[in-house]
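okay, predicted coordinates and the sequence, questions at the end:
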Amino acid sequence: AILAALASKNLNGRPVKIALTRQQVFHVTTRRSDTVQRVRLGADRDGKLTAIAHESWSDTTPGDSFFETSANVTRSLYAAPNRLTAHRLASLNLPMASSMRAPGEAVGMLAFECAMDELAEALNLDPIELRIRNEPAQDPEKHVPFSTRQLVPCLREGARLFGWDRRNRKPGSVREGQWMIGTGVSAAARLNPLQPAKARVRLDPDGTLT
């Protein structure tokens with residue numbers, strides 16, 4: 001972008017277009033940071049979570065502080081009395097990392113929900129039922145009520161629409177030619193940060209409203 005602006009300036013303001021090859025895009029624009037994530041879950045035999053741990057390492061260019069917020073949603077998604085979430089940053093000589101199409105929570109949800117499915121398999125428990133059993137009554141860390149929360153109704157309605165109760169639970173048992181067909185479940189959530197807002201209104205004597 002800087003080169004295009006300088007070229008346009010040298011050409012008395014004529015428009016300049018910069019075209020990048022596919023390979024160049026990855027070196028001169030921002031990218032999604034790689035993440036290394038470690039997820040640990042503890043539960044009793046009834047599927048009630050007793051411990052949640054989600055640690056994430058991100059990389060970015062030296063001197064920058066951007067990181068993927070991989071463990072953010074983990075803090076409020078399910079109830080568990082013992083909790084650990086952490087984000088760590090590694091400085092590497094790579095192009096600068098930044099937000100890319102989807103929030104950093106997306107890559108964290110992928111890892112965490114895979115772990116929940118593995119836990120359901122280990123407990124021989126329906127993965128939707130596992131999630132419902134761990135629905136928190138309030139924010140598990142802040143201990144304040146949710147303003148709105150519709151995860152359980154979404155899971156139940158999704159199960160009804162997909163015919164979840166009729167699925168074949170054995171992995172790899174349903175095939176179409178060379179393709180194995182499976183049915184899975186994953187919760188998804190996004191934090192909704194609220195910030196103070198204000199407005200100033202002025203009504204002038206001539207009736208002008210600003």
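Thanks, I have it.

secondary structure element holding the closest residue in space to A97 that isn't next to it in sequence?
Leaving aside its sequence neighbours, A97 sits nearest to S33 (C-beta to C-beta, 6 or more residues apart in numbering; 3.7 Å). Where you see a C-beta, it was placed from the backbone N, CA and C, and this is true even at glycine. Assigned by DSSP states H and E, S33 belongs to neither a helix nor a strand.

count the residues that sit near S33.
S33 has 27 neighbours, counted by other C-beta atoms under 10 Å.

could you do A189 as well?
By other C-beta under 10 Å, 16 other residues sit near A189.

right, and it touches N72 too?
No: taking C-beta atoms under 8 Å as the definition, A189 is not a contact partner of N72, at 9.5 Å.

which residues do those two both contact?
E105 (C-beta atoms under 8 Å, 6 or more residues apart in numbering).

what's in contact with the lengthiest helix in the chain?
The single longest helix within the chain, with elements called by DSSP state H, is helix 105-123. Helix 105-123 has contacts (C-beta under 8 Å, 6+ apart) with 32, 35, 37, 39-41, 43, 45, 47, 54, 56, 68-74, 77-78, 126-127, 129-131, 184-191.

and P136, how far from R83?
Computed as C-beta to C-beta, to the nearest Å, the P136 to R83 distance reads 11 Å.

got any ranges where the chain has weak pLDDT?
Across the chain, nothing is flagged by pLDDT under 70.

show me it divided up by domain.
1-30, 32-180 (the TED database).
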